[in-house]
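Trainee: Attaching a predicted model along with its sequence, questions to come.
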Amino acid sequence: MDGALDWGGPPRHIFVIFVWVLICLFQMLFATLWLRYFKRGPMESARKRLGQFNYKEKYKERS
């Protein structure tokens, strides 16, 4: 093992920056499209559904 990630040598700085910019652009596009169709983001929606699920289960036990 000579270091440098061992998969084709060290990454070039331009390539790393290019991949980072692509990931950021994808996230911005995905967020824009998501919020056109839904009121909340995906994590907020999951949190709310899980919160309602737990509340319903506790409420059934008390009745």
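Mentor: Nice, I can see it. Owing to the predicted nature of the structure, the values given are computational and were not obtained by experimental measurement. Numbering: from 1, shown residues only.
Trainee: Helices of the chain, start to end?
Mentor: 13-37, 42-62 (DSSP state H).
Trainee: then stretch 30-49 to CSV, C-alphas only?
Mentor: Extracted C-alpha coordinates of stretch 30-49, given in CSV (Å, rounded to 0.1, in the frame of the first residue of the first chain):
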residue,chain,number,x,y,z
PHE,A,30,-34.3,17.7,-5.8
ALA,A,31,-35.3,20.1,-3.0
THR,A,32,-37.0,22.5,-5.4
LEU,A,33,-39.0,19.7,-7.1
TRP,A,34,-39.9,18.1,-3.8
LEU,A,35,-41.2,21.3,-2.3
ARG,A,36,-43.4,21.9,-5.3
TYR,A,37,-45.4,18.7,-4.5
PHE,A,38,-45.2,18.5,-0.8
LYS,A,39,-45.6,21.0,2.1
ARG,A,40,-42.6,19.6,4.1
GLY,A,41,-39.3,18.1,3.4
PRO,A,42,-38.8,14.3,3.4
MET,A,43,-37.3,14.2,6.9
GLU,A,44,-40.0,16.5,8.4
SER,A,45,-42.7,14.3,6.8
ALA,A,46,-41.2,11.1,8.2
ARG,A,47,-40.8,12.7,11.7
LYS,A,48,-44.4,13.8,11.7
ARG,A,49,-45.7,10.4,10.6
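Trainee: Sketch out the low-pLDDT regions of this structure for me.
Mentor: 1-9, 11, 53-63 (pLDDT under 70).
Trainee: quick one on the thing from earlier: dump the helices of the chain to CSV, plus mean neighbour count.
Mentor: Just so you know, the C-beta spots here come from the backbone N, C-alpha and C atoms, and that holds for glycine as well. What follows is these, written out as CSV (neighbours: other Cβ atoms under 10 Å):
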stretch, mean neighbour count
helix 13-37, 10
helix 42-62, 10
